[in-house]
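Trainee: Need a 3D model of the sequence below.
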Amino acid sequence: MYRPEDIQARLRQRPFLPLRIIVSEGLQFEIFHPDLVFVGTRDIMIGFPGPDNPSIYDRVTRVALVHVVALEDIPAPTTPGNGQQ
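Mentor: Next up is the predicted model:
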């Protein structure tokens, strides 16, 4: 299990490097903008941007920290946005 401080430190890394959050159910969330992840004491909220602005979320999902099993670096995309696979 990742601590909130671990995830927050990774999101605040400069320069920001896109990452993939992998959860125990096998879902993967690709994070291309650090402002779209909100870290809480027990969960994280991941925002998914709308088509007009990559830093403002259109919808959001919550993930319990106990389910976060990995954080992986991913290459930067040609078009920014948070994606769920």
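Trainee: pretty sure Thr41 contacts Pro4?
Mentor: Yes: taking contacts as C-beta atoms under 8 Å, Thr41 lies within contact range of Pro4: 5.9 Å. Just so you know, the C-beta spots here come from the backbone N, C-alpha and C atoms, and that holds for glycine as well.
Trainee: Compare these two and say which is more crowded by neighbours.
Mentor: Pro4 (14 against 7; other C-beta atoms under 10 Å).
Trainee: quick one: low-confidence ranges for the protein?
Mentor: 76-85 (pLDDT under 70).
Trainee: Chain neighbours aside, what residue packs nearest to the spatially most central residue of it?
Mentor: The chain has Ile31 as the residue nearest its centroid, 4.1 Å off, counting by C-alpha atoms, centre = their mean. Leaving aside its sequence neighbours, Ile31 sits nearest to Leu19 (C-beta to C-beta, 6 or more residues apart in numbering; 5.2 Å).
Trainee: Now do the contacts for the one you found.
Mentor: For Leu19, the contact set (C-beta atoms under 8 Å, 6 or more residues apart in numbering) comprises Arg10, Glu30, Ile31, Leu71, Glu72, Asp73, Ile74.
Trainee: Please apply the same query to Val60.
Mentor: Met45, Ile46, Gly47, Phe48.
Trainee: Kindly report the same for Tyr2.
Mentor: With C-beta under 8 Å, 6+ apart, Tyr2 has these contacts: Leu65, Val68, Leu71.
Trainee: all strands of the protein, in order?
Mentor: All strands of the chain, identified by DSSP state E, fall at 19-23, 28-31, 37-39, 43-49, 57-64, 68-73, 83-84.
Trainee: Surely Ala64 touches Gly40?
Mentor: No: with contact defined as C-beta under 8 Å, Ala64 does not count as touching Gly40 (9.7 Å).
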